[in-house]
Structure formats: C-alpha cells, structure tokens
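Peer 1: Show me how the following folds:
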Amino acid sequence: MKRTISVFLALVFLSGILPAAYADQSQQNAVCELYSVDGYYEDDVGNRDTYSYHVPQINADTPAAKEINTEIAEHFGKRVEYQFQYMEGGYSLGSWHTGWHAYWSGSRLFLLVTSDNNGDMMEYGAYGYDFETGIRVTNEMILAQKGISEEEYMELLREAVSSLFEELYIPIPEGVETNLSHDSLLEETLGWLSADKPIFLNQFGEIETWAAIAVPAGAGRYEHLVTLPSPSPEATYAIHVTGDTFLVESCPEFAKAGEIVTVLTYDVTDGDKDICVIGADGEAVDWFEYQFVMPDHDVEVQLEFISNELA
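Peer 2: Coordinates of the predicted model:
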C-alpha cells in the first residue's frame with residue numbers, strides 16, 4: 001500500500017493545478033484545483049474510509065487572486081498535504097474530506113471551502129473575487145451590495161445565530177452538575193460573533209457565514225453555516241438597474257427611505273452616458289458618481305450609453 005501511495009503522491013505533486021467542474025457553466029475556467037484526489041485508505045490500526053480532497057484555486061493572474069490562492073493553499077492545501085504524509089506512515093487521518101462550492105453574483109465569484117476535522121467538526125473558509133475588476137470582494141463590499149450597514153448586519157446575524165442555537169440546543173440532563181445552562185451557552189455563542197468573519201453570497205444571493213455554537217460537551221463549540229434573514233421589506237426598498245448595466249461599477253440593491261444612495265459608474269472613452277432614476281430626484285456628483293435620496297418605494301436606475309460614432 002505504501003508503495004502505491006508514494007507513486008500516487010508523486011503524481012499529485014507533479015500535476016499542479018488541475019481543471020475542475022464549475023458551479024456556473026457560463027464562467028468557464030474560473031476555478032482550478034490545486035489538489036483533486038479521491039480514494040480509499042486503511043491505516044495501521046484498521047480504520048478505513050474513503051477520502052476526497054479537492055482544494056480550489058482562482059484561475060486569474062492578478063495580485064488579489066494570487067493572495068486568495070496563497071491563503072487557500074496555506075490553510076486547506078497544507079492540511080491535505082498532512083493527510084498524504086499520514087498515509088505514507090500508515091497513521092490515522094485527521095481529515096477525510098475537503099471540498100468547495102462556487103457561487104456567482106454577477107462577475108463576483110464566492111468560494112466556500114469546507115474541511116472536516118477529526119470526523120465530527122467542520123472548518124470553513126470563504127473567499128470573494130471580482131473577475132471584472134480584478135479585486136478581492138470584502139465584507140464591506142457585500143454589505144454595500146445588499147444595502148445594509150454593519151450594525152444592521154450584526155443585528156441580523158445575532159437573530160440568525162440565536163435561532164440556530166435554539167434549533168441545535170440539547171437540554172442538559174437533570175442531575176448533571178455543571179455551571180453551564182441554556183442562557184450561559186447562548187450568551188457565550190453570541191459573544192463569539194464578529195463582523196470581521198468572512199461572509200459570502202450563496203446560490204440564492206443571501207448573505208451566509210459560519211458561527212461557533214457553544215455546547216455543554218465534546219469540543220465545547222462547533223462551527224455551523226448560518227444564513228442571514230433578509231432585511232424587513234417594510235424597512236428597505238428595492239433599486240432596479242436597467243438599460244446599459246455594464247456602465248455600473250456599484251449600486252446597492254436595497255436602501256431605506258431617506259438614505260442617500262450612491263451609484264458609481266465606469267468611465268467611457270468612446271461616447272457619453274446618461275443616467276436617471278425613475279421615482280426619485282438625483283444629481284451627478286462628478287463624472288463617475290450619481291446620488292439620490294431613497295423614497296419610500298422601489299426605484300429604477302436607468303443607464304444609457306451614447307456612442308460618439310468615432311470608434
């Protein structure tokens with residue numbers, strides 16, 4: 001077995017990045033795999049199971065993509081390499097499965113990487129990259145896209161995690177002496193929340209992240225994916241972008257009544273552009289920026305490219 005694995009490892013390390021399937025067939029070659037390995041393994045003490053290691057890489061030659069790829073390789077790639085070393089020595093594996101999912105929001109790719117740890121725990125990593133601008137998508141950019149503030153995000157996160165806690169909570173059996181309780185575990189869970197933990201948009205365009213849920217036994221905390229509830233429809237109104245949408249660099253999808261909405265556009269060298277908001281009054285701040293005050297109803301942002309016919 002060890003000789004077979006040695007040859008297998010040589011092939012893995014020599015193969016480099018391998019092509020992979022993509023979540024959205026319109027985004028061909030957006031994602032490659034640093035490792036793409038599936039098999040069966042039995043260690044020296046008789047533990048046996050299938051393993052599956054798929055570590056993604058963004059297929060783009062920009063500083064932002066290289067930064068993300070390095071982070072994925074350093075954390076998830078090295079974990080897979082450790083498993084290869086364990087196989088070489090006949091030792092028990094610490095992780096049997098590493099995989100990923102790709103979600104798209106326009107030109108923005110969101111990678112969710114998952115890896116099991118000791119069989120009963122999961123670790124997550126989320127990475128956002130914009131193929132149109134070549135930059136990394138941050139939490140702040142996602143919240144701006146969804147039209148919610150960091151304070152609103154944290155409020156929605158606490159609401160979602162509290163609901164998830166109640167769903168997962170198993171009462172402590174009577175007669176067990178412990179300082180832990182439902183309320184103390186919930187308080188600890190909410191205390192771990194942070195606006196800095198990476199977020200991403202899932203296949204439905206919803207904000208998703210993961211949170212540690214406190215439990216009275218085992219590891220004491222387990223990570224779980226959590227989807228944020230959408231902002232109350234009474235509190236926000238939709239912004240629909242129509243026309244020549246390729247002119248828009250950024251525009252929130254929702255805003256509250258009375259908020260100042262900023263629409264950023266790209267420069268055009270072979271023509272002009274016209275922008276107007278149906279249902280609200282606005283004005284151009286400069287060549288790239290347009291602002292309007294959100295009314296208490298949905299609005300439509302119309303854009304038109306006007307060619308100078310010199311191209």
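
Peer 1: Spatially nearest residue to Q302 (excluding sequence neighbours)?
Peer 2: Counting by C-beta to C-beta, 6 or more residues apart in numbering, Q302 lies nearest to G243, which is 4.8 Å off, once chain neighbours are set aside. Where C-beta positions appear, they are placed from N, C-alpha and C, glycine not excepted.

Peer 1: so the one you found touches E304, yeah?
Peer 2: Yes: counting by C-beta atoms under 8 Å, G243 does reach E304; the two are 5.4 Å apart.

Peer 1: Those two: which has the busier surroundings?
Peer 2: Neighbours per residue (other C-beta atoms under 10 Å) separate G243 from E304, with G243 holding more: 17 against 14.

Peer 1: any idea how far Q28 is from the most centrally placed residue in the chain?
Peer 2: Taking C-alpha atoms, centre = their mean, the centroid of the chain lies closest to F200, which sits 2.7 Å from it. Counting by C-beta to C-beta, to the nearest Å, the gap from F200 to Q28 is 21 Å.

Peer 1: repeat for G205
Peer 2: Distance of G205 to Q28, given as C-beta to C-beta: 22 Å.

Peer 1: Would you confirm that N308 contacts D270?
Peer 2: Yes: counting by C-beta under 8 Å, N308 does reach D270; the two are 6.1 Å apart.

Peer 1: returning to that earlier point: who's more crowded, G205 and Q28?
Peer 2: Comparing G205 with Q28 by neighbour count (other C-beta under 10 Å), the higher total belongs to G205, at 13 against 10.

Peer 1: Excluding chain neighbours, give the residue nearest to that one in space.
Peer 2: By the measure of C-beta to C-beta, 6+ apart, the closest residue to G205 outside its immediate chain neighbours is S105, 6.2 Å from it.

Peer 1: And P216, by the same measure?
Peer 2: L180 (4.7 Å).

Peer 1: now do E253
Peer 2: Closest residue to E253 apart from its sequence neighbours, by C-beta to C-beta, 6+ apart: G147 at 5.5 Å.

Peer 1: which ones are touching that neighbour?
Peer 2: By C-beta atoms under 8 Å, 6 or more residues apart in numbering, the contact set of G147 is 231, 236, 239, 252-255.

Peer 1: Next: D120.
Peer 2: Each residue near D120 by C-beta under 8 Å, 6+ apart is listed here: 218-219, 222.

Peer 1: now do 7 Å
Peer 2: Contacts for D120 were tallied using C-beta atoms under 7 Å, 6 or more residues apart in numbering; there are none.

Peer 1: and H182, how many neighbours?
Peer 2: H182, neighbours per other C-beta under 10 Å, totals 13.

Peer 1: With the flanking residues excluded, which residue is spatially nearest to it?
Peer 2: Closest residue to H182 apart from its sequence neighbours, by C-beta to C-beta, 6+ apart: Y169 at 6.4 Å.

Peer 1: can you tell me how far the one you found sits from Y82?
Peer 2: Distance of Y169 to Y82, given as C-beta to C-beta: 34 Å.

Peer 1: returning to that earlier point: just read off the phi/psi values of the residue nearest to H182.
Peer 2: phi -70, psi 130 (degrees, to the nearest 10).

Peer 1: The nearest residue to L225 once chain neighbours are set aside sits in which helix or strand?
Peer 2: The shortest distance from L225 to any non-neighbouring residue, by C-beta to C-beta, 6+ apart, is to W210 (5.1 Å). Element membership for W210 (DSSP states H and E) is strand 207-214.

Peer 1: which strands and helices sit next to the helix or strand following that strand?
Peer 2: The helix or strand immediately downstream of strand 207-214 is strand 221-227, counting by DSSP H and E. For strand 221-227, the elements it packs on are strand 121-130, helix 150-168, strand 207-214, judged by 3 or more C-beta pairs under 7 Å, 6 or more residues apart in numbering; DSSP states H and E.

Peer 1: So which residues make contact with whatever helix or strand comes next after strand 221-227?
Peer 2: From strand 221-227 onward toward the C-terminus, using DSSP H and E, the following helix or strand is strand 237-243. The contact list for strand 237-243 (C-beta under 7 Å, 6+ apart) reads 248, 251-255, 257, 261, 294, 296-304.
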